[in-house]
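Trainee: Build me a model:
(chains A, B, C and D)
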Protein chains: 2
Amino acid sequence: MQEPTFLILTALAAQPLHGYGVIRAVDELSAGEVKLRPGTLYGALDRLTEQGLVTVDREEAVEGRLRRYYRLSDAGAAALQAQVERLRRHAAAAEVQLGRRLGGALSFGRMSAPTAGEVTG
Amino acid sequence: MQEPTFLILTALAAQPLHGYGVIRAVDELSAGEVKLRPGTLYGALDRLTEQGLVTVDREEAVEGRLRRYYRLSDAGAAALQAQVERLRRHAAAAEVQLGRRLGGALSFGRMSAPTAGEVTG
DNA sequence: GGAAGATAGTACGGCTGACGATATATACCG
DNA sequence: CGGTATATATCGTCAGCCGTACTATCTTCC
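Mentor: Numbers count the residues shown, from 1 in each chain, chains lettered A, B, ... in the order given. Predicted coordinates:
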């Protein structure tokens, strides 16, 4: 699962939203880092609906215009929760590896100033 | 940055590895969840080398066969660290949203002024 | 000695998913 | 009347990943 898809599911987790609402929610959730383009959003919503992770909650006619609300399904919530744990594991693993970087360079001298005096073997 | 790319950088963080070594390291780091295929690996290594996140450490001729070792550059380590933080933020945001699911599902349809992140401030 | 399998790297074709651009429609402001 | 914001939808393109096939060497087993 890629970042935009993950953030769309995240946005829908709290409450059903229509397309443009998802764009704004993702913008806020990512602190402005991720701005969804329509092509990304509706492509993802279609895909996620097909996969059963998202369902159409209701359709409102607002000022003569259709407004379609999407909702996270139970399967979608489970998938999102699983992905959260996956992300956590990967982040933890990467940090451990980065911490070993000093130790690996010690054989022929340090590459940068050691911040803490420990090197675990 | 996608999962395979992230895990390749993670594998190289601790020490330089040759291609096949990366495949095994990623397998271990992901607890067997991610098995890199050659197409994914060498494509990513070429790309990451072009981007300066990875450099060729050395080339050994082992038993008449070339073995090329790749190393994570300082820029690569910085990129990986940034990605770790990004992952953590996203995981935390998703969990908060999932926690709002119960409350949000209880029959309210206010969708006027407040945007998604604003419900509890 | 020969087959099978692990190790190690390269090449190529196909597919999914993300993205940018664009079209459409309405409301509001000047 | 035109510009901007809201809102949905479609199209074409591209990056990245995957499967597979191919080459080559070494080890293990028969």
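Trainee: Against A:Ala31, how distant is the nearest residue to A:Ala13 once chain neighbours are set aside?
Mentor: In space, A:Ala13 comes closest to B:Gln97 once its chain neighbours are excluded; the distance is 3.8 Å by C-beta to C-beta, 6 or more residues apart in numbering or on different chains. C-beta coordinates here come from the backbone N, C-alpha and C atoms, glycine included. Distance of B:Gln97 to A:Ala31, computed by C-beta to C-beta, to the nearest Å: 14 Å.
Trainee: ok, now A:Pro16?
Mentor: 23 Å.
Trainee: before we move on, what about A:Ala11?
Mentor: Distance from A:Ala11 to A:Ala31, by C-beta to C-beta: 14 Å.
Trainee: In chain A, which residue sits nearest DNA strand C?
Mentor: Closest residue of chain A to DNA strand C, C-beta to the nearest atom of the strand: A:Gly39 (1.7 Å).
Trainee: tell me which element that residue falls in.
Mentor: helix A:38-50 (DSSP states H and E).
Trainee: now the strands for chain A?
Mentor: A:17-18, A:54-62, A:65-72 (DSSP state E).
Trainee: Deepest in the core, which of these is it.
Mentor: strand A:17-18 (a mean of 21; mean count of other C-beta atoms under 10 Å in any protein chain shown).
Trainee: And DNA strand C, is that one touching that?
Mentor: No - Strand A:17-18 stays clear of DNA strand C (C-beta under 7 Å from any atom of the strand), getting no nearer than 13.2 Å.
Trainee: ok, now stretch A:69-89?
Mentor: No - Stretch A:69-89 is not in contact with DNA strand C by C-beta under 7 Å from any atom of the strand; minimum separation 11.4 Å.
Trainee: More neighbours: which of A:Pro16 and A:Ala31?
Mentor: A:Pro16 (21 against 10; other C-beta atoms under 10 Å in any protein chain shown).
Trainee: Quick check: pLDDT value at the more buried one.
Mentor: Per-residue pLDDT puts A:Pro16 at 94.
Trainee: The nearest residue to A:Leu66 once chain neighbours are set aside bridge partners, please.
Mentor: Leaving aside its chain neighbours, A:Leu66 sits nearest to A:Glu59 (5.9 Å; criterion: C-beta to C-beta, 6+ apart). Bridge pairing for A:Glu59 (DSSP bridges) gives the partners A:Arg68.
Trainee: Next, the contact list for A:Glu59, please.
Mentor: A:Leu66, A:Arg67, A:Arg68, A:Tyr69 (C-beta atoms under 8 Å, 6 or more residues apart in numbering or on different chains).
Trainee: go on, A:Leu9?
Mentor: Applying C-beta under 8 Å, 6+ apart, the residues near A:Leu9 are A:Leu48, A:Leu53, A:Val54, A:Leu72, A:Gly76, A:Ala79, A:Leu80, A:Gln83, B:Ala94.
Trainee: switch the cut-off to 10 Å
Mentor: By C-beta atoms under 10 Å, 6 or more residues apart in numbering or on different chains, the contact set of A:Leu9 is A:1, A:22, A:44, A:48, A:53-54, A:72-73, A:76-77, A:79-81, A:83, B:94, B:97-98.
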